[in-house]
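Colleague: Here's a sequence, model it:
(chains A and B)
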Amino acid sequence: MSGAKAGRSATPRAGANAPAGILALVALLAACGTASSGLSLSAADNDPAKLAQALARVRSARSAATRALAVVVVREDKTELRAIDLAANRRLWSVAADVRSRVAIGTTLVASREGDDLVARALTDGHAVWKAPLGPATRLIGLSVDGDKVVYAAEAGQGPFLAALDGNQVRWRLPAPGAIGAPEADGGLVYLPLQSQWLAVIDETDGQVLARVRRNDLAVSGVRALPEGPTYGSRAVLRLADGPTATPLPAELPEGVESRWFLDSYNPVHASYSAFDRARLLWRPAAQGGFAGPVVALAFRALFAYDPATGTLRWARAIPRADIVSAEHAGTTIVYATADGQIDLLEPESGMLLAEASAGGRVVGASFAADGFRPPAPAGPSHAPSTDDALAAIARDKDSRFAAQKRLAVRELGRRGNLAATTILVALLGDPATPAELAEDAGAALLARPDPTVTAPIVAALAVHTDRVSGKRPRGVALLARALAAGHAREAVGPLLDHLEDPATPPPVVDEIAAALVQIADPSALPRLSSILLLHRCDPDAAPIASAMVDALAALGGGPERELLAFVADDPRTTPALAAHAREKLGH
Amino acid sequence: MGTRGVWPARLAFIVVLGLAGRSHAGKAPDVSALRAQLAAPDSGTAGAAAAALGTIRTPAALDALLDALALGLAPDVAAAALDAVARHGAERSLPVLVAYAHHRNPGVRAHAVQALGALTASPPAGQALLAALGDEEAEVRGTAGRLLAWRRDARAVPALLALFASGDEVAGPPLAALAGADEALKVAELAGKAPDPLVAHTLGRMALRKDLGPEATYVGIVRALGAIPGDDSLAELRAVAAAAGVPGAARKEAQALVEERAK
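Modeller: Now for the predicted structure:
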């Protein structure tokens, strides 16, 4: 291994007055091809000037040429690495490779862990350009490629370390005093999350730590180096250029959307593609201020795009075929690969499908290099999905794993409150296949925006009654009643009374319907309410029903109804409890 | 649900409170007395009065029953009153009967359905009977099915077939009585899906009918019976083999199947 040169310059705390033992250790580390630890916990933090100086050194190493490339890990009988030209939907190459990590795409090569080696392959044809042995005992934490320089974090017997390679030769190696996350290398700098609290900015050339940011208010679990500038954070996004005390980029996301802005780069699971890739946020920062365009919540087979300023849903998309296994916000597109090998590029602002490609097999993970690539919008009818239809498809997904996104979809349908959304919610509520919890949510969503102009589907749903012949059973009648009451839907009075008169309607639902009728306050309900009371007033088993009628008549009725209640209260055949209840309502 | 509950309860209420004698003035005094007894808190007295009013075929007696039902009665008294109304067989009792066909008490509902069956010339009553086939309570469904079979109302067959297919035992007898040749073969096809005893008894009853059409239908039923394992189908086969009214080929087939089972 080479790298002694880099070790020379990365010894900020090894001074002339250092004890002989420490100097000996430094010498030993240097001899091993490592830099001494510039990651020491006692180094200075949060120096704005140092940070600004460090960021000023960023070289614009990005290729001017726009690429549209996906490198996918395909697992059929064997594991293969494939490069797909997204612009042409063309497979560039496919090679057998025992890929055991994420894949990092550079300018001319692609790097990953294969078996116990780090392997760089040529982007032109996939042949192995070089291999650097890691050894079976080394756990790869993460890797990044800047140009064609590979930087990786790993943990071996001596603890965690960060290393940079020139080809397969170690240029420098920096031991860490504690846990480190996956690095990001870009423009000649390496950004390294450290001990969940720090972000170190390191010179990619020699491993010298140029600046460090320490956050006490927010865990530092991940970092992204983007053309807009480096960002870091965990439950919020911080722009590094805003200084050590940067405030989070403002984002309003609705309840139910998890703030997974970054993958937890300390988690060993994230060294390779995992389920965490399937449920996270896709975003890009604006050059200044907050986010550029919508923040997209990825949830396995669903995409929800939110305006980060308001939390309003901009669009949604359901992916019916298979889970999204990898996705990236590439600025001009949102690109994702599904487990069944589909690769789609969406327009971030609208969710419109711009282009498709195929990996040609079962995909376990993918990395993309498509920044700035924007395929032309397809000719013909809009490829933008109907948000209502997408939300309906998400909510109706039969896969029981996706309860969270189904609930999210149902809530969004409630917020939309239009006729289509209401129809979908009512259908969900009445569908026996809808899980009880989701049906509850659908009912609550119906109440979210009670709108008298969209009650028709709710009223229509009341036509379903228990019928042993057809096997039908009404669902959610109580919730429908509440929604209709909130909308003061007089057209619902008849159908609601039909359910009151249906002996299969359970007493708690009778209570809800009676309360709804009171809220709607249509006196045309009074004769049938009176009939139900009279028919059941002498039956102790029907006391809850009769009692609900007493309540409704007392609340809704006038003189004749008070007369009726007086009769019920006084007639000796009325069950004693009901008579007492009627007297109470009459104030006797 | 069109006619459900749309009946003049409030009017009835006012009538009984203030004008109880309005349409009964000058009627036989025993009706007035029975009307009063029907309002007694004691169920025995009220039930006996209801039964008595059923035997008096006058409008006043029916008024007394309908008024009492409209004002509400204890379930056992209501059942007696509904039976009494059935004896009158009067179309004007339809609204009250339809309302009681949706009473919370299944026993009361069954009596209401029974009374609806007495309105033989009433299409709405027939519709109410068909609707009662969907009731959750077997007692109510069974009553409706029996009455529809008695009325020879073939409109009930699809619903009865659906109930039968779901294993509803109360569907068997009316289906056996109403099914045509095609439906009989559909029942035969449900062997192995619906419970064996239910299919066996239903096919057995069908085989004993004289109006199922060609002999081949009977033979088909017998063969379906023969394919059903167990004692129930064997008993039905024996009954068919012994029945004089069954076409000869079917009887022979039944006899052969009985003998085969004996081996």
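Colleague: From now on I want contacts and neighbour counts done on CA atoms only, so please keep to that.
Modeller: Noted.
Colleague: Output the set of residues of the stretch 151-263 of chain B in proximity to chain A.
Modeller: Proximity of the stretch 151-263 of chain B to chain A (Cα under 8 Å from any Cα of the partner chain) is limited to residues B:159-160, B:162-163.
Colleague: where does the chain have low pLDDT?
Modeller: Chain wasn't specified; assuming chain A. Chain A contains residues with pLDDT under 70 at A:1-38, A:41, A:60-65, A:380-384.
Colleague: Switch to chain B, please.
Modeller: For chain B, the stretches with pLDDT under 70 are B:1-29.
Colleague: Now do the domain split for it, please.
Modeller: Taking automatic domain parsing as the domain assignment, the ranges for chain B are B:1-151, B:180-263.
Colleague: most neighbours, which of the residues of the stretch 151-263 of chain B next to chain A?
Modeller: Of all these, the highest neighbour tally under other Cα atoms under 10 Å in any protein chain shown goes to residue B:160, namely 28 neighbours.
Colleague: Let me know the closest of the residues of the stretch 151-263 of chain B next to chain A to residue A:135.
Modeller: Relative to residue A:135, the closest of these is residue B:162; by Cα to Cα it sits at 68.9 Å.
Colleague: Off-centre distance for the strand or helix carrying that closest one?
Modeller: Assigned by DSSP states H and E, residue B:162 belongs to helix B:157-165. Centroid separation between helix B:157-165 and its chain, computed with Cα atoms, centre = their mean, to the nearest Å, is 15 Å.
Colleague: Likewise for stretch B:254-263?
Modeller: The chain centroid and the centroid of stretch B:254-263 are separated by 36 Å, computed with Cα atoms, centre = their mean.
Colleague: Find the closest residue to chain B in the stretch 101-250 of chain A.
Modeller: Distance from chain B to each residue of the stretch 101-250 of chain A (Cα to the nearest Cα) is smallest for residue A:235, at 53.4 Å.
Colleague: ok, now how distant is that residue from residue A:248?
Modeller: In this view, residue A:235 and residue A:248 are 9 Å apart by Cα to Cα, to the nearest Å.
Colleague: pretty sure the residue of the stretch 101-250 of chain A closest to chain B is in a strand, no?
Modeller: No: applying DSSP: H, G, I helix; E, B strand; the rest coil, one finds residue A:235 to be coil, outside a strand.
Colleague: which residues touch it?
Modeller: A:218-219, A:259-262 (Cα atoms under 8 Å, 6 or more residues apart in numbering or on different chains).
Colleague: Most neighbours among those residues, which one is it?
Modeller: residue A:262 (23 neighbours).
Colleague: Hmm, residue A:219 and it touching each other?
Modeller: No: using Cα atoms under 8 Å, residue A:262 is not in contact with residue A:219; the gap is 10.9 Å.
Colleague: what's the overlap in contacts for the two?
Modeller: Common neighbours of residue A:262 and residue A:219 (Cα under 8 Å, 6+ apart) are A:233-235.
Colleague: And the strands in the stretch 251-400 of chain A, which stretches?
Modeller: A:279-282, A:295-299, A:302-306, A:313-318, A:324-329, A:334-338, A:342-346, A:353-358, A:363-369 (DSSP state E, counting those that start in this stretch).
Colleague: Revised request: answer the last question for chain B.
Modeller: Remark: no strands are assigned in chain B by DSSP state E.
Colleague: and residue A:130, how far is that from residue B:218?
Modeller: Separation of residue A:130 from residue B:218 (Cα to Cα): 85 Å.
Colleague: Same question for residue A:183.
Modeller: Taking Cα to Cα, one finds residue A:183 at 83 Å from residue B:218.
Colleague: How about residue A:213?
Modeller: Distance of residue A:213 to residue B:218, computed by Cα to Cα: 92 Å.
Colleague: So between these two, which is more surrounded?
Modeller: Using other Cα under 10 Å, the more surrounded residue of residue A:213 and residue B:218 is residue B:218, with 30 against 23.
Colleague: show me what contacts the more buried one?
Modeller: Counted by Cα under 8 Å, 6+ apart, residue B:218 has contacts B:207, B:212, B:246-247, B:250.
Colleague: Identify, from those residues, the entry nearest to residue B:97.
Modeller: Of all the contacts of residue B:218, residue B:97 sits closest to residue B:212, with 34.5 Å by Cα to Cα.
Colleague: shouldn't the closest one be in contact with residue B:182?
Modeller: No: using Cα under 8 Å, residue B:212 is not in contact with residue B:182; the gap is 9.1 Å.
Colleague: So for those two, which residue has more residues nearby?
Modeller: Neighbour count, other Cα under 10 Å: between residue B:212 and residue B:182, residue B:212 has more, with 20 against 12.
Colleague: what number of residues lie near residue 119?
Modeller: Defaulting to chain A. By other Cα under 10 Å, the burial measure for residue A:119, its neighbour count, is 24.
Colleague: that's the wrong chain, I wanted chain B
Modeller: Residue neighbour count, defined by other Cα under 10 Å, stands at 21 for residue B:119.
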